[in-house]
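Q: Sequence first, then the predicted structure:
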Amino acid sequence: MSDKEKLITDNYEKESSRKSGNEGRKQVSWYLATGFLLFWGLLFFAVVLPFFYRLPKAMMMEDANKNVFIAERARKDLYTLSNIGTKMVGSKENEIEAVQFLLKQLNQIKEDSLKDYFDIEIDLSQASGQFIHTDLIIMYQGVQNIAVKLTPKNCTNQNYLLVNSHFDSKPETPSAGDAGFMVVTMMEVLRVMSTTKQTFEHPIVFLFNGAEESFLLASHGFINQHKWAKNFKAFVNLDAGGSNGRELLFQSGPNHSWLVDYYNKHSKHPFGTTLGEEIFQSGVIPSDSDFRIFKEHMPGLDMGQIFNGYIYHTKYDVVDLISHESLQHTGNNVLSLIRGLSNATELNNPQAHNNGHSVFFDFLGLYFVHYSEATGKSLNFGVAGAAIILIFISMWRMSVISQVSICHVIRWFILVMVIQVISFVLSLALPMVIAYGMDSLGLSLTYYSTPMLIVGLYVCPSLLGLSLPITIYYSLQRNNKISAPYHLQLALHSQAVILALLAIALTVLGIRSTYVVVIPLVSYFASLALNLLAPLHDRGYAWTGMLKLSQVIPCLYCSYLSYLFIVVLTPMGARAGSASNRDLYIAAIASVGTVLSFGFLVPLINTFRRPSFVVFALLATTALSLFLASSTQLGFPYRPKTSGQRVAYLHVRNKFYEYDGSLSKDESGYWFLYQDRRKETVLEGSNVNLTGLVSAKSNCDKYMMCGMPLYDYRYVQQRLESKWLPRSRPIEPPGSTTLEMLSKTIINSTHCRFEFNLTGPPQMSIFIQAYEDVKITNWSFLMSYLSNPPKYPLSYHIFFNYGIDNSPLNFFMEVTKTNGDFDVPLFQLGVSGHFIGQKGDAESDKLAKSFPSFAIQADWPASYQRYIF
């Protein structure tokens, strides 16, 4: 370089440094700083919410000749189905009335079909079996399935597509949303496909299963026993965790990303995310679906309603809350998707296309993005590495323009990095501290009926954590060698490095949802690259314009995704059990969403004068929200009908029989199993009399399985949190649960065989616990469960359900005892019966009517008898 060129370069660098310093001092008026943050908040309300709740126009009967999904017709079917009422397995409503309605509709569809184009076969079957789930055996008998096979005329293809949903229900709910909505969607899809001259390659089986809510019984029986089971190559499961709105694709595969490709090509209104799949499969969501059963046999997709989970599994899950537009949304998607999959060449040999998991997500319902897990890993590592390299280039550029060494810039970067790490940690920790503190004060779920409180309770503290450290640093730092705009860029570079390292770590751990972290990172990378290519990087705060523009998409998407999970998880707080502080989950979602949405934007308040004004505004909003949540009616979690408290209790009659047959204990009372963290505290001051309510834990320490009629695995898991309200007048169950010992046979000197007969209501449990010197060696149930018993203090637990077949349960047990003395107590055997759908006596009815209007009760009589043999 000549002396003249060197002089020109030096002059340019000095001039750039002077301009940068001058422009760095030009800050915008302080009163616009709050408006800056409000703009991004308004963007959420103006863009995210309308797209989140957007639904298509509903098709009515006058559109029937267009060969499209007709929402009006589907809703008419839903009205009839839901008006049957509660459809528990074993009830008349489920086994007879619902089955008859469905068969009538399906036979009419068959009659109206284009018989020159399609063959329709309707098969009503029963299934019986058993399987292990968590710490108990689920056993079933005579559960019903209605399967409809739609086959193109003269089709010889033996590779079928399965479409599944269920028509049974939980106790005390007409189940219009879960899953009557999906049942009528399937019927309408079948109706449209069978009357349209549009053929397909693979036969389609529509399975209307009659026992999903009782732990996936019908799907288990169907896929293991039905005559068509061997022909299924893929499935689509349709279920619900709420009512109305859009359905979410929340599980796929496993390891068959081509299914997501078909969803992308054929779904008209895409709505899904890998994050939902990973959260659901982590166990955070207290639900299950038939997807778990079917995925052991073939790959598939799991789609479900997720809006308005407040009424899920309650008496308020009624057809009046379901719009035509919501049915149209789901119907459009399912019809198009089934048509696409029924022509999929991959169904001929799915295992040849076992190409791993996929990463998928939609953007505001407008676009659907998906790629393989391997591509996702390369993308994550590539973006993280490129961002770090570009940040180094930016710092080198700062050193050149500022006429300092690169080491000088790096030293300041390290300092800013420490401050930004503190900001990052604070933004995540402050909402969690508030959630923990409110819970410690007995104020959980204050946002349950007023979700806007989440903004003040969790979003504002997260923004406070992001803004406070960097604002203090920015106001105190006095380094004149590096301009103020450069210092601000170093803070943003630090945020990018944190996200890059986080992306690398999460990718190494195999978390596919890492894409959520990469989206704001790649947007920052793009803005930084453009600012470096243009002269904006070194012109004071001129680079902030490109940065703001680049953060529009991350802000929209991350807030959209966060809102989705707040919508899904908030209602679940009232049914997740009293042992779980669900406030921490909501706080975590709100804080992570805030960091990803605003992490690159909040430091920009330092481009305004008096950025501390924003900090104080956030602090004041948080304080106001805490006051409203803790001291006003806004913070009371429950409201009648729309967002009530789930109150689950049994009217129990317990009898304990000793070895000689004498009755040693006979007690009656109400056994409460709380669904939420607030338990009975919200009932204080109401008319319900809970005097004498005590913890059931002492019973659990004394008796096998607490000496209570534990209903299912959730009751088992939460038994130590349950409470007992005794009553003096004996409860008379509306029916009997009878255990009869048919025979006791001594096989040889060390073995003895017992045979039993059990009769009672459709839902019963058997509890077995041998004494120390006795071993159970054989029985009628699964031997794998016998060889791997539940951990102490749990006993063997067999949960038995019957459907249309109510014949007695006959079972045997063989025990061994080394001394051969079988004339002493050998084992305890408890049986319980649950009379779901039946009312209690007058005293129980009086208690039920005393609950406040916001209480949503799920109660029924139950009996328990403990015997010693």
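A: It's in. Numbering: from 1, shown residues only.

Q: Can you get me a residue count around A240?
A: Counted with other C-beta atoms under 10 Å, the neighbours of A240 add up to 29. All C-beta atoms are positioned from the backbone trio N, CA, C, and that covers glycine.

Q: Next, the contact list for it, please.
A: With contact taken as C-beta atoms under 8 Å, 6 or more residues apart in numbering, A240 is in contact with 177-179, 181-182, 304-306, 312.

Q: swap the cut-off to 7 Å and go again
A: 177-179, 181-182, 304-305 (C-beta atoms under 7 Å, 6 or more residues apart in numbering).

Q: So which of these are in helices?
A: Using DSSP state H, the subset of the contacts of A240 located in helices is 181-182.

Q: okay, now the closest residue to N819 other than its chain neighbours: neighbour count?
A: Closest residue to N819 apart from its sequence neighbours, by C-beta to C-beta, 6 or more residues apart in numbering: D773 at 7.6 Å. Other residues within reach of D773 by the criterion other C-beta under 10 Å amount to 12.

Q: List phi and psi for D773.
A: phi -90, psi 10 (degrees, to the nearest 10).

Q: distance of it from V815?
A: According to C-beta to C-beta, to the nearest Å, D773 stands 10 Å off from V815.

Q: shaky segments in this structure?
A: Applying pLDDT under 70 to the chain picks out residues 1-31, 33.

Q: try 80
A: 1-35, 283-287, 478-480 (pLDDT under 80).

Q: so the residue most central in space within it is in which element?
A: Geometric centre of the chain, nearest residue: I285, 4.0 Å, by C-alpha atoms, centre = their mean. Here I285 sits in a region with no helix or strand, counting by DSSP states H and E.

Q: my guess is it meets M572, correct?
A: Yes: under the criterion of C-beta atoms under 7 Å, I285 makes contact with M572 at 6.4 Å.

Q: Between the contacts of A240, which sits nearest F869?
A: D178 (41.2 Å; C-beta to C-beta).

Q: Enumerate every residue touching that closest one.
A: So D178 contacts 240, 312-313, 317 (C-beta under 7 Å, 6+ apart).

Q: Mind doing that once more with 8 Å?
A: Applying C-beta under 8 Å, 6+ apart, we find D178 in contact with 169-170, 239-243, 305, 312-313, 317.

Q: From those residues, pick the one nearest P861.
A: Closest approach between the contacts of D178 and P861, by C-beta to C-beta: K170, at 17.1 Å.

Q: okay, now the closest one: neighbour count?
A: K170: 19 neighbours (other C-beta under 10 Å).

Q: Not counting residues beside it along the chain, what's closest to it?
A: With C-beta to C-beta, 6+ apart, the residue lying closest to K170 is H313, at 4.4 Å.

Q: Over to A429?
A: Leaving aside its chain neighbours, A429 sits nearest to G465 (6.9 Å; criterion: C-beta to C-beta, 6+ apart).

Q: what are the phi and psi values for that neighbour?
A: Main-chain torsions, G465, degrees, to the nearest 10: phi -60, psi -40.

Q: Would you mind putting the CA coordinates of stretch 131-148 into CSV?
A: Extracted in CSV, the C-alpha atoms of stretch 131-148 (Å, rounded to 0.1, in the frame of the first residue of the first chain):
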residue,chain,number,x,y,z
PHE,A,131,-51.9,-55.4,28.7
ILE,A,132,-49.6,-53.7,31.2
HIS,A,133,-49.7,-49.9,31.6
THR,A,134,-47.5,-48.3,34.2
ASP,A,135,-47.9,-50.3,37.4
LEU,A,136,-51.1,-52.2,36.6
ILE,A,137,-52.8,-54.6,34.2
ILE,A,138,-55.5,-53.2,32.0
MET,A,139,-58.0,-56.0,31.2
TYR,A,140,-61.0,-55.7,29.0
GLN,A,141,-63.9,-57.9,27.8
GLY,A,142,-66.4,-57.4,25.0
VAL,A,143,-65.4,-53.8,24.0
GLN,A,144,-66.8,-52.9,20.6
ASN,A,145,-65.4,-51.6,17.3
ILE,A,146,-67.2,-50.5,14.2
ALA,A,147,-64.8,-50.7,11.2
VAL,A,148,-65.8,-49.5,7.7
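
Q: wait, isn't K481 in contact with I401?
A: No: using C-beta atoms under 8 Å, K481 makes no contact with I401, being 11.0 Å away.

Q: between the two, which one's more packed in?
A: Using other C-beta under 10 Å, the more surrounded residue of K481 and I401 is I401, with 20 against 14.

Q: State the distance from the more buried one to F291.
A: Using C-beta to C-beta, I401 is found at 57 Å from F291.

Q: same question, L650
A: Distance from L650 to F291, by C-beta to C-beta: 30 Å.

Q: More neighbours: those two, which one.
A: Comparing L650 with F291 by neighbour count (other C-beta under 10 Å), the higher total belongs to L650, at 29 against 25.

Q: Walk me through which strands the helix or strand harbouring the more buried one pairs with, and which way each runs.
A: Using DSSP H and E, L650 falls within strand 645-657. Using DSSP bridges, the strands paired with strand 645-657 are strand 663-674 (antiparallel), strand 855-868 (parallel).

Q: now these as TSV including mean neighbour count and distance to N699?
A: Formatted as TSV, the strands paired with strand 645-657 follow (neighbours: other C-beta atoms under 10 Å; distance: least, C-beta to C-beta, whole Å):
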stretch	mean neighbour count	distance to N699
strand 663-674	18	10
strand 855-868	22	11
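
Q: what's the closest of those strands to F360?
A: strand 855-868 (35.1 Å).

Q: How about the backbone phi and psi for T450?
A: Per degrees, to the nearest 10, the backbone of T450 is at phi -130, psi 80.

Q: Wait, it touches G635, no?
A: Yes: using C-beta under 8 Å as the test, T450 is close enough to G635 to be in contact (7.3 Å).

Q: So which of these two has more stuff around it?
A: Between T450 and G635, counting by other C-beta under 10 Å, G635 is the more crowded of the two (22 against 19).

Q: ok, the more buried one - contacts?
A: Applying C-beta under 8 Å, 6+ apart, the residues near G635 are 443, 446, 450, 453, 628-629.

Q: Check the gap between it and F363 for me.
A: From G635 across to F363, the span is 35 Å (C-beta to C-beta).

Q: ditto for C700
A: Taking C-beta to C-beta as the measure, C700 falls 50 Å from F363.

Q: Could you do P286 as well?
A: Applying C-beta to C-beta, the value for P286 to F363 is 29 Å.

Q: And for the nearest residue to Q645 once chain neighbours are set aside, the neighbour number?
A: The shortest distance from Q645 to any non-neighbouring residue, by C-beta to C-beta, 6+ apart, is to Y638 (4.5 Å). For Y638, the tally of surrounding residues (other C-beta under 10 Å) stands at 22.

Q: quick one, what contacts T151?
A: Here T151 is in contact with 118-121, 203-204 (criterion: C-beta under 8 Å, 6+ apart).

Q: Mind checking which of these are buried?
A: 118-120, 203-204 (16 or more other C-beta atoms under 10 Å).
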